[in-house]
Every structure is written in structure tokens, then in C-alpha cells.
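Student: coords below, sequence missing:
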């Protein structure tokens with residue numbers, strides 16, 4: 001196994017051991033679209049602020065939006081796939097919603113390989129093209145690994161040779177380790193993990209529920225007014 005994979009897998013296992021031990025309940029009365037209370041908890045402002053300092057994040061939509069939604073995702077998470085489609089509709093409908101994508105490859109080797117390609121994409125592409133890549137990857141079905149990720153990069157018009165060169169950078173392992181550390185500190189126990197208005201929402205509540213949270217943050221600065 002290549003050294004970068006050993007490092008990422010070892011870090012993932014360390015983080016996973018911590019995450020499993022955390023019991024998350026609904027600190028705020030945020031209900032999912034099916035009526036159940038979705039796991040959520042408040043996070044300190046200084047901790048949430050660490051997300052902005054991460055390398056390899058993408059401000060995918062509305063960089064001047066007043067409400068920021070951080071999306072921690074794994075490219076092989078089916079719930080992330082659904083969330084991505086719904087969030088895309090929300091950012092198009094809500095001018096004040098700023099979307100920040102935070103790669104969080106925790107579901108195994110294919111996810112890490114795909115995330116490495118995504119890292120290469122993010123290094124050379126504009127935020128708009130990086131977001132096109134993100135949506136294109138999710139357009140298919142089945143396991144997403146490096147070959148499918150490279151195909152998605154080509155489909156959106158990126159130079160695959162250049163993407164491959166950037167994807168080979170050893171810095172990727174260190175950067176992903178930092179993503180995992182911050183996600184662990186935030187209590188992101190499942191993907192997608194959403195951070196908005198000083199609250200981490202663990203899991204996907206559904207489009208209608210998320211829209212209510214966004215509206216509340218826009219209105220009163222809190223996830224529930």
C-alpha cells in the first residue's frame with residue numbers, strides 16, 4: 001500500500017475510534033424531513049473557524065453570501081449524493097447561502113483515491129469548475145474511485161494530465177489528515193456532516209429541513225429562532 005494511503009487509513013482508524021465513542025443527541029429541535037430529531041450539537045466559534053483555514057476546501061457557491069454552510073462529505077456516501085443535489089438547488093434559490101465543500105474521505109480506499117483526484121482538481125480549477133466536477137462525480141452510480149474521478153474531471157473540460165500531476169503531490173496526505181482532525185474535533189460522526197450557524201448537524205436532515213435551518217440562520221443567526 002502506498003505511503004499516503006497508509007497514513008490516511010491510520011488516521012481514519014484513529015478518528016473513527018474516537019467518533020464511535022461519542023453519543024450525539026439533538027441539542028436543538030431540528031427535525032428531519034421524516035419527523036425524527038436529527039443529531040446536532042453546538043460547536044465553539046473558534047473551532048468552526050478552523051474550517052476556513054483548511055487547505056483543499058472549495059467555496060463552491062455565493063462567496064459573498066451571508067449564511068455559510070460547510071458540507072463535510074465522502075464521494076462514496078449515498079446520503080452525500082442526495083444532499084449534494086438538494087443543496088445545489090438551495091444555493092440556486094437562496095442568494096445569501098455560501099456553500100463551502102470540505103472533502104472528508106472516511107469510507108475506505110476508493111474514497112481516498114477519489115479524494116486524491118479531487119485534490120488535483122481543486123489545485124488547478126476555479127471554484128466554479130471544481131463544483132462542476134463535484135456535481136459530475138455524483139451524477140453516476142456505484143463506487144467512485146480514481147478512474148471515475150479522472151473521467152469526471154475530463155468531462156468538465158479539465159486537463160487530466162495536469163490533474164494527475166497535482167493529485168500525485170505528497171502534501172495530499174498531510175492535508176487530508178488535517179481535514180480528519182478538524183472533522184473529529186467538530187464531532188462529525190457521519191457523512192454528510194453539516195456545520196451552519198455554530199451548529200454541527202450529523203447526517204442529512206433532508207431538503208425541507210435544511211431549508212428551514214438556513215432560513216432561521218438568515219433571520220436570527222440561529223438554527224432555530
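Tutor: Received, thanks. As the structure is a computational prediction, the values presented were derived from the model and not from experiment.

Student: which element is the residue minimising distance to the centre of the chain on?
Tutor: The structure's the chain has its C-alpha centroid closest to residue 72; by CA atoms, centre = their mean the separation is 2.4 Å. Assigned by DSSP states H and E, residue 72 falls within strand 67-73.

Student: so how far does stretch 166-176 reach from one end to the other?
Tutor: 15 Å (CA to CA, to the nearest Å).

Student: show me where pLDDT drops low in this protein?
Tutor: By pLDDT under 70, the low-scoring segments of the chain are 1-25.

Student: Could I get the full set of strands for it?
Tutor: For the chain, the strands defined by DSSP state E occupy 40-42, 58-61, 67-73, 97-103, 193-196, 199-202.

Student: So which elements touch the last one?
Tutor: If you count contacts as 3 or more CB pairs under 8 Å, 6 or more residues apart in numbering; DSSP states H and E, strand 199-202 packs onto strand 40-42, strand 193-196. Glycine gets a C-beta too; all of them are placed from N, C-alpha and C.

Student: Just tell me which of those ends up closest to residue 81.
Tutor: Nearest to residue 81 among the helices and strands packed on strand 199-202 is strand 193-196; the distance by CB to CB comes to 14.7 Å.

Student: quick revisit: partner strands of the strand holding residue 72, with direction?
Tutor: As defined by DSSP bridges, the strand partners of strand 67-73 come to strand 97-103 (parallel), strand 193-196 (antiparallel).

Student: For the chain, which segments are assigned as helices?
Tutor: Using DSSP state H, the helices of the chain run over residues 3-20, 45-53, 78-93, 109-124, 127-137, 146-155, 160-167, 171-185, 207-220.

Student: Next, the angle helix 127-137 makes with the shortest one.
Tutor: An angle of 100 degrees separates the directions of helix 160-167 and helix 127-137 when computed by axes from the mean of the first three to the mean of the last three CA atoms, to 10 degrees.

Student: Then the third one?
Tutor: Helix 78-93 and helix 127-137 are oriented at 140 degrees to each other (the same axes, to 10 degrees).

Student: Then the fourth one?
Tutor: Using the same axes, to 10 degrees, the interaxial angle of helix 109-124 with respect to helix 127-137 works out to 160 degrees.

Student: Measure how far helix 109-124 is from the centre of its chain, please.
Tutor: A distance of 13 Å separates the centroid of the chain from that of helix 109-124, by CA atoms, centre = their mean, to the nearest Å.

Student: Buried residues, it. List them.
Tutor: 110-124 (16 or more other CB atoms under 10 Å).

Student: Residues in contact with that helix: which ones?
Tutor: With contact meaning CB atoms under 8 Å, 6 or more residues apart in numbering, helix 109-124 is reached by 4-5, 8-9, 56, 58, 74-76, 103, 105, 129-130, 133-134, 137, 143-146, 148-150, 153, 158-159, 162-169, 172, 175-176.

Student: Please apply the same query to the fifth one.
Tutor: Around helix 127-137, the neighbours that count as contacts under CB under 8 Å, 6+ apart are 58-61, 63, 75, 84, 88, 101, 114, 118, 121-122, 125, 144, 148-149, 152-153, 155-158.

Student: do the shortest one as well
Tutor: Counting by CB under 8 Å, 6+ apart, helix 160-167 makes contact with 116-117, 119-121, 123-124, 146, 150, 153-154, all of which sit outside it.
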